Structure formats: structure tokens, C-alpha cells
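Novice: Have a look; sequence and predicted model below, questions after that.
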Amino acid sequence: MWNELAGGALIGIAAAILWLGVGRIGGISGVVANLFLLRQGHRSWSLYFFIGLLAAYPLYVYFAGAPVVQMTDNKILLVVAGVLVGMGTYIGNGCTSGHGVCGIGRFSVRSIVATGTFMIFGILTVLVMNTMMAGV
């Protein structure tokens, strides 16, 4: 429980620092997209943010040990899931971190609707997957 609370607090603090310090929203899809922009000013903050994301997991493993993660070995399912997430991020003009953490904090109606949609489809996905696994 404490790890989850600390992680949530760190995400919120990082989003606030990015918003107050650079004036940018800390949505991961936007950060990654900014890495490929031709304007140098947008790439520097995105690069630092992205490096921080990449460094976070090894640091967590070093200090707290490897977390237990259960995931399917089905490569086709993983590819389809990745494509669907990418399409949803593109269509929704952002991801869960951008809309859920930063957008709701700014009282953005679009982000509130997007986050509600993420939640509904996440719940439906779990229900479908649990139903499919129960029949196996």
C-alpha cells in the first residue's frame, strides 16, 4: 500500500514540477512525441523526462527489489493490445497520464470524459478477459 501511495505522490509531484517549471503537461504520449519534434526547445525537456522514466525502474529494483508482474506470453495479444493502446492514445489526443493526472487536475472536461472512457473500457476488458480465462 505504501509503495502505491508513494508512487502516486511522486507522479503528482513530477507533473506539478513539469507544469510549473516548464509549462508542459506530463502526458507520456506527448513527452515521447516531443522527442521527435524538430524544434530543439521541446526536445530537451522531453529527453530529460524520458530518461527519468527509463531510470525509474532500475532504481526501484535496486532499492526495493523486482516487483511481481503477471503478463501473458501470447505475442499476438501483446501486439494487438499495443496497437489498440496506440490508436486510442492518438484518437483521444493523449494518454492516461496526460488526461488522468494532468487534465483532471486542470478541470479539463475533455480529460474528465477521456479518463472516464479509459476506466469503463479497462473494466470491460478485465471482465472479458476473466470470462475468457474462466472458460479455459
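Specialist: Structure's in. What do you need?

Novice: tally of neighbours for the residue found closest to Trp45 once you drop the neighbours it is linked to in the chain?
Specialist: For Trp45, ignoring the flanking residues on the chain, the nearest one in space by C-beta to C-beta, 6 or more residues apart in numbering is Val22 at 5.1 Å. For the C-beta atoms, the positions are set from N, CA and C on the backbone; glycine is no exception. Using other C-beta atoms under 10 Å, the number of residues around Val22 comes to 16.

Novice: Could you tell me the per-residue confidence at Val22?
Specialist: Note for Val22: predicted pLDDT of 83.

Novice: is it true that it touches Ser44?
Specialist: No: counting by C-beta atoms under 8 Å, no contact exists between Val22 and Ser44, whose distance comes to 9.5 Å.

Novice: per the record, what domains does the protein have?
Specialist: The chain breaks down into these structural domains: 1-69, 70-136 (assignment by automatic domain parsing).

Novice: for the first one, how far is the first residue from the last?
Specialist: So that's domain 1-69. 16 Å (C-alpha to C-alpha, to the nearest Å).

Novice: List the residues that contact the residue most central in space within the chain.
Specialist: By C-alpha atoms, centre = their mean, the chain has its centre lying nearest to Ser97, at 4.6 Å. With contacts defined as C-beta atoms under 8 Å, 6 or more residues apart in numbering, the neighbours of Ser97 are 11, 15, 26-28.
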